[in-house]
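Q: using only what follows, build the 3D model:
(chains A, B, C and D)
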4 protein chains.
Amino acid sequence: MIKVGIIGATGYAGGELVRLLTGHRQAEIVWYGSKSYIDKKYADVYRNMFEVVEDSCLDDNMEALAKKADVIFTATPQGFLASVMSEEILSETKIIDLSADYRLKDVSVYEEWYGIEHKSPQFIEEAVYGLCEVNREAVKGARLIANPGCYTTCSILTAYPLAKEGIIDMNTLIIDAKSGTSGAGRGAKLPNLYCEVNENIKAYGVASHRHTPEIEEQLTYASGKKTVINFTPHLVPMNRGILATEYASLNRSTTYEEIKAIYDHYYKEESFVRVLEKDICPETKWVEGSNYVDINFKLDFRTNRIIMMGAIDNLVKGAAGQAVQNMNIMFGLEEREGLKLVPMFP
Amino acid sequence: MIKVGIIGATGYAGGELVRLLTGHRQAEIVWYGSKSYIDKKYADVYRNMFEVVEDSCLDDNMEALAKKADVIFTATPQGFLASVMSEEILSETKIIDLSADYRLKDVSVYEEWYGIEHKSPQFIEEAVYGLCEVNREAVKGARLIANPGCYTTCSILTAYPLAKEGIIDMNTLIIDAKSGTSGAGRGAKLPNLYCEVNENIKAYGVASHRHTPEIEEQLTYASGKKTVINFTPHLVPMNRGILATEYASLNRSTTYEEIKAIYDHYYKEESFVRVLEKDICPETKWVEGSNYVDINFKLDFRTNRIIMMGAIDNLVKGAAGQAVQNMNIMFGLEEREGLKLVPMFP
Amino acid sequence: MIKVGIIGATGYAGGELVRLLTGHRQAEIVWYGSKSYIDKKYADVYRNMFEVVEDSCLDDNMEALAKKADVIFTATPQGFLASVMSEEILSETKIIDLSADYRLKDVSVYEEWYGIEHKSPQFIEEAVYGLCEVNREAVKGARLIANPGCYTTCSILTAYPLAKEGIIDMNTLIIDAKSGTSGAGRGAKLPNLYCEVNENIKAYGVASHRHTPEIEEQLTYASGKKTVINFTPHLVPMNRGILATEYASLNRSTTYEEIKAIYDHYYKEESFVRVLEKDICPETKWVEGSNYVDINFKLDFRTNRIIMMGAIDNLVKGAAGQAVQNMNIMFGLEEREGLKLVPMFP
Amino acid sequence: MIKVGIIGATGYAGGELVRLLTGHRQAEIVWYGSKSYIDKKYADVYRNMFEVVEDSCLDDNMEALAKKADVIFTATPQGFLASVMSEEILSETKIIDLSADYRLKDVSVYEEWYGIEHKSPQFIEEAVYGLCEVNREAVKGARLIANPGCYTTCSILTAYPLAKEGIIDMNTLIIDAKSGTSGAGRGAKLPNLYCEVNENIKAYGVASHRHTPEIEEQLTYASGKKTVINFTPHLVPMNRGILATEYASLNRSTTYEEIKAIYDHYYKEESFVRVLEKDICPETKWVEGSNYVDINFKLDFRTNRIIMMGAIDNLVKGAAGQAVQNMNIMFGLEEREGLKLVPMFP
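A: Numbers count the residues shown, from 1 in each chain, chains lettered A, B, ... in the order given. Sure thing, here's the model as predicted:
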C-alpha cells in the first residue's frame, strides 16, 4: 500500500482527494493535514465522510510527514510549498503539488502573475508539469509533480492536438472559460455566498487571471511558437464543472474529417479523454464526478475559424483526479486505478 | 456473473441502475430496455455513458428477457409490471420492481390510491417488500421484490426503531418530506421545466400522495398498531436528495440517551444507515451519490414530541441503490458490492 | 416627503428597503447607515443601485439620525437597538425595528431565547407588534414598531383565522417551514457559501429557533389559549421565499366551505393576503419580489387534521415590505404605496 | 390610455409584458392572446397574477384585435406574424413584433437561417429595427417594429460605439454569450427540464445560431464594414440574464480613457445603459428585473485586443422591456414610463 499524506485536506480539492483515495485499492491516507482544523475529526469537517474516515486532522509539518508518507499531495495556497520545500523532503518522499508553485518554468513570470516571491526556485527545473496525457513519460520518473490548474487542464487539452499539428494560428487563440463555484475554494468570502453566486454569471480576472501564463507556456511548447492568448474565466452558478470555449483562426483549409482524425490520433488511446461524435457539444454534466475530459470542435468556414470546446470536472480532472492519475503513473500502477468513476447524472 | 436486464433503463432511476451496475464486479447488464429509445445507442440518451456503455436500447419484452437474465429490474410506470407478470416469467428469472405494483398487500388500497386496476393481484402475497434493513431474511429467498418508494424508504427507516419499540404515538405521526427534482422523472412536463422549479418551493399531493399508504402499511407492521399519518411531499430546487422531517408525540418520558441507544441497537450493524452524533441534523448533501441513510432526532420536552430526521439520495437508497442491495442479498453476494459509494461533495 | 433613515442599509433586508423606498412616491432616504461600509458609495456595495443611489454610507449614530429623519428603519443585529434606545430618540422620530428587540412582551423569554440581556426593557410595553393585518389600529398611533420576523409573519398569518375562530387545537400545531438563503443574511460564513447551500436541504435550529416564542406569543393572543408549538425551519437552495406547512388537529367537524369562508372573512379586504382557490398550493415563486402572502389549506378527514400552507417573499412581506407597510399606516398614507409590486416570474 | 393587445401572452416574454404593462400608467391590456390557453383565466396560467389580472385568454385573431388595440405585441413563434400580416392590419394598429420576422432586411438571409419561407416580405423594408438607443428617431414614426432578439440587444449595444468609431477590427469580433434558461421558452421539452439544465453549462447552436446574422447586419450598419462574426451562445443554470463577452482586435493604439470617453459619449444620456466604472465587470444579477444594460471593457495590451462585456435581463431589455420602451417612443410618452424598475437583488 502506498502511504499518502495530504496537506490541505479540508479544502474542496483536498476533500475530493480523500473521496478518490478512499476508493483506491493500493493507497491509504496516513495524514490528513489541515492547519485550520487541527485535532478536529475529519468527518466533522466533511460529514459525507462520517463512518468512512475515522482520523482527525493534523498540522502541515512537511518534514515529519515526509518520513511517514510515500507521496504527499499539497492542496495548499500559492507559496506554501515553495516556502517549506527542501532537498531533504524530496529525498524521502514524492510530492504532487496542486498549487501553482512549480508550474511555471520562468520564475519571473510566476512572481509577476502571483505577486509573491518564490522561495525555492531551485526546484522549478526538476518539477514535472503533470498533464498526464502530454507528459506521461516524464511523470514516471518524477519526484516533484506540478499538478496543472483546473482551467489550464481543460484549456490545454482541448487545443493541444491542433496546436501541436500547426493547424491553428496561435496568435488568434481566445479562450472563454466557465467554471462552477467549487473552484473558488471553501474560504468564507462574501463573493462566494450562495445569494451572491446564484442566479448570476460574471467574468472575472479579465486579461489578468493567473492561469493565463500557464496555458501560454504549455501551448508554446506544443506549437513551437511563442503563444500569447486571451483567457477569460467566468463564474457559473453550479458546484462543479469547467467548460472552455476556444476560438482560433485556421492556418490552412481543412475538413471536419481531418480535424477529427487528428484528435483521435492524440486521444484515442487515452482512458480519460473522450472526443465526442460530430455536432455533440461537451456539457459539464456528462463528466461530473469523473476524470473525463470531453472534447469536440466545430469548423466555421464563414469566419475561417475553429471553435474548440472542452469540459471537465474541475475537482477531478482539474485537481484531485489528475493528481491521483499522476500518482498512479509515478508508482507504476494501472493508470485508471481509483479513477474508474462513471459520471453521475443528474 | 449475474446477468441483469433493465426495463425502463432511460429514466433517471434506470440511468442510476446503469451507473451502479457498471461498477459492480459480479453483475453485467445484458438488456437496456427502453420503449422510447429502441435501437438508439444508450450513450446517446445519457452521454455520461459515452465510451462506457456501447449497447443500444431494446424493447420491453419481459418474456424474451426472462430467458436471458438472472434478474430483471423494472423501473417502469405503475401498472406495467402487473400487466405483463406471469408465473412463467417468475419461474425463469428474479424480478426487482422499482414501481409500486407489488408494494401494497391490500389490492384495494393500491387500486384506490393509484386509480388503476391491478392486473395480477395473485403475485402480491409472494412479493417481498424490499426494505433491506427490515426484511433482509425474506429478501434472501424471494423471486419478486417490491422495491420501496423513495419517500417511503426515507420515511420508514427514520421512524422504524421508535415505532417498533412503542416509543412514539403512531396516531400523531406527521411526515413533512422534501425531495429533489429527479424524483419527478424525466418526462417533458411543464411543471418540471428548469424555470418552473428553480427558485421555488411548493408542497404537492397534500393528503393524497401515493406513498402515504405504503408508509402506513409498513409502520403498522412495525408498531403493531393501525397507523394513519399525514404525509406531505415538497419539491425542492435541487437534483437529488430527500429529507424527511417527522413529528410524533412520545408515549412516555424518555431521554436522549435512551433514544440514541434504540437507534444504535437497530442500525449499528447496518452498512448503509448512519445514526448521526448528537445535535447534527441530516443534510442531503452528505449522502449524495451514496446508498446511505443519515438519521438523527431531537427531543422537545416543551411539546413532549420527538422530531426525527432522515436523509437519502432518492436515486440511490431511494431507488437504484436499494434495488442493487436487494439483488446482492438475493444472490448471496456481499451486501455492499457495487455500493461502496462515498458521498460526493460538493 | 417623509425623511427616512436606515441603520443596517447594506444587509439583504436593508438593500430591499432601499429598493422599495426608491419607488415610494412619498418617502426619501436621507441616511444609509452601515457600520461596515462607512464612506463607501452605497452603489459600490450593491451595484444594482449604480446610477440609482448616489449617496455614500454613514455610521449608525441614532441620535444624530433621529434629528434628521421622520422615521428610522433599524435592520440591525439583535440587541443593537435595545442598547441605544432612549426616550429622547423616540420623542424625535418614529422607529420601525426589523430586529427582534421589541417583539416579545416578556423580557425573560427574550433573554432566554436570544441569550443576551435586554438593555432597554422599559420600551417593550409601548412597542407595537407590526403585523399589519392583525394590529393595524395599534400601528396607526405607534412610535415604535417591532416589525415581525420572516418565518413568524408567514407562520402566524397562515394559521391566524383558524386560531382566532377556535377551529384548530392549538396544542397540536406543528409548523414545518422552509426558507431561501437570503434569510441567513450577508455575513461571510462557511455554511452560507454557494457550494454548501446548493444541492442540499437541511433542518436547523430544531426545537430551538428564536422565532418559536414569537409565533407562540401571537397565536396565544389570537386563540386565547396558551400555545406551545413545534417549529422547524429548513434551508432551501434558492435566494428568496418562505413556505410554511402547518399541521393541526381540528376541534370539531367542518367542511372546506366553512374554512374557506373563515379565511375569506379575515383576508378578503386585505391587499396583500391572497387566499388561493381550492386545491392550489402556495408556491414561493408566485410571490417573489412582492408583498403578498399566499395562503391555502387542505382538510384531511382520515387524520382529522388540517394542513395550512403559506408563502411569502422573506425580504418583502417578511422584512422590508412589511416595514414599509407599517410606515404607510403610521403616516396615514395609502397602505399599498410603494408596494404595488407584481411578483416577478420566472 | 393606450389599448394594448398581446399575442403570445403566456410565454415567458408574454408574461413579462403583462408584468410590465400592469405597472404602466398610460397603457391597459385589452387582449391576452394565447392559442394554448383559450378561455382559461390568465391568472391560472401565471399564478403570480392572481388578483392582479382578472381576464381570460383569447385566441390570436390579429384582424379582430387590430380593431380593438392601439398597439399589438406579438410574442409568437417565428413565421406567425409574417403569415398573417396585412396592410389592413397595419392601417388600424401599430405592431411591435418580438419574433424575428422583420428583423433582417435581406429576406434570403432570413429564409436561410430560419429555414422557413417568409410569407410577407413586402413589409420588411418598412419595419424599423427597434433597438431604441440606435434607432430612436426611426422608431418614433414607425407602424411596425422588429423588436431585437435578446442576445442581439446585448451583443450589439456592447460593441456598438467602438464599431461606429472604427476602433475595433470588425473581422476579428468574437462574441461568447451566456444566457439564463427563460430564453429557451416555456415549451415542455426534455433539454429544458430542471435536472437537465441544473448543474450544467453547455454551448449550443455553435456557428449556426439564428441571432448571428442579426448581429452582423446591425454591426455592418454601425461600422460601415461588412461584418462576419463568431457568435456562441451558452445555456446557464439560472432563470434570467444574458452576459456577452466580446473580443476584438484594436485598429490602433488607444487608452482606457479614450475608450471610456467613447462609451460615455454614446450612452451618458441613455436612461437604460450604464457604463460601469473602471475594472468593474458586468454581472447579470445587478440588472435582474430591470431594463438596464450594464457595459464595461478591458484593454489587453499583451494581445492588442479589447474585451467588451455587457449584461442584460433577457426578458426585460432583451424582450418585453425593450418592447415597452419602443411603445413609449412610438406614442410620444416618457421613454421610461413603466420601466423605472430597480434591479432586484438577491
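Q: could you check whether stretch A:122-134 is close to chain B?
A: No. Using CB under 8 Å from any CB of the partner chain, we find that stretch A:122-134 stays clear of chain B, coming within 15.2 Å at best. C-betas here are computed from N, CA, C, even on glycine.
Q: buried set for that stretch?
A: Within stretch A:122-134, the residues that count as buried by 16 or more other CB atoms under 10 Å in any protein chain shown are A:123-124, A:127-134.
Q: inside strands: which ones of those?
A: Within these, residues falling in strands by DSSP state E are A:128-129.
Q: widest-spaced pair of the buried residues of stretch A:122-134?
A: A:Phe123 and A:Glu133 (23.9 Å; CB to CB).
Q: ok so, going back, what's the closest of the buried residues of stretch A:122-134 to A:Thr10?
A: Lowest distance from A:Thr10 to the buried residues of stretch A:122-134 (CB to CB) belongs to A:Gly130, with 22.5 Å.
Q: separation between the closest one and A:Ala138?
A: According to CB to CB, to the nearest Å, A:Gly130 and A:Ala138 sit 9 Å apart.
Q: same check on A:Pro121?
A: Here A:Pro121 is placed at a distance of 19 Å from A:Ala138 (CB to CB).
Q: how about A:Leu20?
A: From A:Leu20 to A:Ala138 the distance is 23 Å (CB to CB).
Q: try A:Ala244
A: Distance check for A:Ala244 against A:Ala138: by CB to CB, it reads 24 Å.
Q: so what does the residue in the stretch 101-250 of chain A positioned nearest to chain B look like in phi/psi?
A: Closest residue of the stretch 101-250 of chain A to chain B, CB to the nearest CB: A:Asn239 (4.5 Å). Dihedral pair for A:Asn239: phi -70, psi -50, per degrees, to the nearest 10.
Q: quick one, grab the pLDDT at it.
A: We have a pLDDT of 98 for A:Asn239.
Q: how about the residues of the stretch 51-200 of chain A near chain C?
A: By CB under 8 Å from any CB, the residues of the stretch 51-200 of chain A that approach chain C are A:181-182, A:186, A:188-190, A:192-199.
Q: which of those residues are buried?
A: Neighbour-count burial (16+ other CB under 10 Å) applied to those gives A:181-182, A:186, A:192-199.
Q: about what we covered before: which one of A:Ala244 and A:Ala138 is surrounded by more residues?
A: A direct count of neighbours by other CB atoms under 10 Å in any protein chain shown for A:Ala244 and A:Ala138 places A:Ala244 higher, at 29 against 15.
Q: which strands or helices does the host helix or strand of that one pack on?
A: Element membership for A:Ala244 (DSSP states H and E) is strand A:242-249. Applying 3 or more CB pairs under 8 Å, 6 or more residues apart in numbering or on different chains; DSSP states H and E, one finds that strand A:242-249 contacts helix A:150-164, strand A:174-179, strand A:305-312, strand D:174-179, strand D:202-203, strand D:230-235.
Q: may I see the buried residues of the helix or strand following that strand?
A: In the C-terminal direction, the helix or strand that comes right after strand A:242-249 (DSSP H and E) is helix A:256-267. Using 16+ other CB under 10 Å as the test for burial, helix A:256-267 gives A:259-260, A:262-263, A:266-267.
Q: now the angle between strand A:305-312 and helix A:256-267, please.
A: Using axes from the mean of the first three to the mean of the last three CA atoms, to 10 degrees, the inter-axis angle of helix A:256-267 relative to strand A:305-312 is 40 degrees.
Q: tell me what helix A:256-267 is packed against?
A: Helices and strands touching helix A:256-267, by 3+ CB pairs under 8 Å, 6+ apart, are helix A:150-164, strand A:273-275, strand A:293-300.
Q: switch the cut-off to 6 Å
A: Judged by 3 or more CB pairs under 6 Å, 6 or more residues apart in numbering or on different chains; DSSP states H and E, helix A:256-267 is in contact with helix A:150-164, strand A:273-275.
Q: tell me which of those sits most buried.
A: Mean neighbour count (mean count of other CB atoms under 10 Å in any protein chain shown) peaks for helix A:150-164 among the helices and strands packed on helix A:256-267, with a mean of 27.
Q: what would the buried ones among the residues of the stretch 51-200 of chain A next to chain C look like in CSV with pLDDT and secondary structure?
A: What follows is these, written out as CSV (pLDDT from 0 to 100; DSSP: H, G, I helix; E, B strand; the rest coil):
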residue, pLDDT, secondary structure
A:Thr181, 98, helix
A:Ser182, 98, helix
A:Arg186, 97, coil
A:Asn192, 98, helix
A:Leu193, 98, strand
A:Tyr194, 98, helix
A:Cys195, 98, helix
A:Glu196, 98, helix
A:Val197, 98, helix
A:Asn198, 98, coil
A:Glu199, 98, coil
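Q: columns distance to B:Ile306 on top of those, output as a markdown table?
A: Converted to a markdown table, these look like this (distance: CB to CB, whole Å):
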| residue | distance to B:Ile306 |
| --- | --- |
| A:Thr181 | 37 |
| A:Ser182 | 36 |
| A:Arg186 | 34 |
| A:Asn192 | 36 |
| A:Leu193 | 34 |
| A:Tyr194 | 31 |
| A:Cys195 | 33 |
| A:Glu196 | 37 |
| A:Val197 | 36 |
| A:Asn198 | 34 |
| A:Glu199 | 37 |
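Q: those residues: which two are farthest apart?
A: Pairwise distances across those peak at 21.4 Å for A:Arg186 and A:Glu199 (criterion: CB to CB).
Q: show me what from the stretch 51-200 of chain A comes close to chain B.
A: Contacts of the stretch 51-200 of chain A with chain B, taken as CB under 6 Å from any CB of the partner chain, map to A:51-52, A:182.
Q: nearest residue to A:Ile6 in space, please, no chain neighbours.
A: In this structure, A:Ile6 finds its nearest non-sequential neighbour in A:Phe73, 4.9 Å apart by CB to CB, 6 or more residues apart in numbering or on different chains.
Q: need the contact list for the one you found.
A: Shown in contact with A:Phe73 (CB atoms under 6 Å, 6 or more residues apart in numbering or on different chains): A:6, A:17, A:96, A:323.
Q: the residues you listed in helices, which ones?
A: Per DSSP state H, helices hold the following members of the contacts of A:Phe73: A:17, A:323.
Q: among the contacts of A:Phe73, which one lies nearest to chain C?
A: Scanning these for proximity to chain C, where the rule is CB to the nearest CB, the winner is A:Leu17, at 16.3 Å.
Q: which non-adjacent residue is nearest the closest one?
A: Excluding the flanking residues, the one nearest A:Leu17 by CB to CB, 6+ apart is A:Ala320, at 4.3 Å.
Q: what's the separation between that neighbour and A:Phe345?
A: A:Ala320 is 20 Å from A:Phe345, by CB to CB.
Q: with A:Ile2 instead?
A: 31 Å.
Q: so for those two, which residue has more residues nearby?
A: Neighbour comparison, A:Ile2 and A:Phe345: the larger count goes to A:Phe345, with 25 against 19 (by other CB under 10 Å).
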